[in-house]
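**Student:** no sequence on this one, just coordinates:
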């Protein structure tokens with residue numbers, strides 16, 4: 001499968017569907033206080049870029065967002081449809097988001113994920129993300145794992 005990643009707005013039907021699928025998946029795993037995803041309104045903020053991964057026919061297979069802060073960027077809303085996993089969708093999305101961070105001068109990308117998402121943890125570790133403590137407005141949470149990666153120039 002050939003994947004193309006590009007910026008899109010949350011207001012497209014495909015973007016809304018992917019975020020809703022992610023929400024349904026996370027709601028089954030974690031209580032509300034341990035879910036830190038951006039809602040539709042926050043995904044429209046000027047310091048946020050949302051991207052979708054599409055195949056040659058234009059079908060959406062995954063999404064991700066990045067929030068740009070003063071001294072780091074944060075991955076958010078990472079999701080690949082189950083049938084599309086193992087085809088490079090997630091890696092393509094993360095690679096695209098990391099390139100956006102580099103373009104904006106950020107040397108550090110951080111993320112928060114959950115302890116029950118073992119495949120996601122392995123995926124991020126494979127991409128060079130290392131565990132760290134809570135950052136920014138997050139509080140320590142036994143269901144959360146915080147990670148970061150230093151980007152090469």
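**Tutor:** Perfect, thanks for sending it. On a predicted model such as this, the values are computed, not experimentally measured, just so you know.
**Student:** is it correct that residue 88 is in contact with residue 3?
**Tutor:** Yes - using Cβ atoms under 8 Å, residue 88 makes contact with residue 3 at a distance of 6.1 Å. Backbone N, C-alpha and C define where each C-beta goes, glycine included.
**Student:** hmm, what's the outermost residue in this structure?
**Tutor:** What lies farthest from the middle of the chain is residue 57; by Cα atoms, centre = their mean that is 23.2 Å.
**Student:** and that one, which of the three is it?
**Tutor:** Recorded secondary structure, residue 57: coil (DSSP: H, G, I helix; E, B strand; the rest coil).
**Student:** swap in the one 10 residues further on?
**Tutor:** At residue 67 the chain is in strand, as set by three-state DSSP.
**Student:** any idea how far residue 142 is from the residue nearest to residue 42 when sequence neighbours are not counted?
**Tutor:** Spatial nearest neighbour of residue 42, chain neighbours left out: residue 48 (6.9 Å); criterion: Cβ to Cβ, 6 or more residues apart in numbering. From residue 48 across to residue 142, the span is 28 Å (Cβ to Cβ, to the nearest Å).
**Student:** try residue 84
**Tutor:** Taking Cβ to Cβ, one finds residue 84 at 30 Å from residue 142.
**Student:** picking that back up, look up how far residue 97 lies from the residue farthest from the centre of the chain.
**Tutor:** 23 Å.
**Student:** check residue 143 too.
**Tutor:** In terms of Cβ to Cβ, residue 143 sits 24 Å off from residue 97.
**Student:** the more surrounded of those two?
**Tutor:** residue 97 (24 against 14; other Cβ atoms under 10 Å).
**Student:** test my guess that that one contacts residue 64.
**Tutor:** Yes - with contact defined as Cβ under 8 Å, residue 97 reaches residue 64; the gap is 5.5 Å.
**Student:** who touches both of those two?
**Tutor:** 51, 75 (Cβ atoms under 8 Å, 6 or more residues apart in numbering).
**Student:** mind checking how far residue 129 is from residue 101?
**Tutor:** 13 Å.
**Student:** where along the chain do the helices fall?
**Tutor:** Using DSSP state H, the helices of the chain run over 13-27, 89-103, 118-126.
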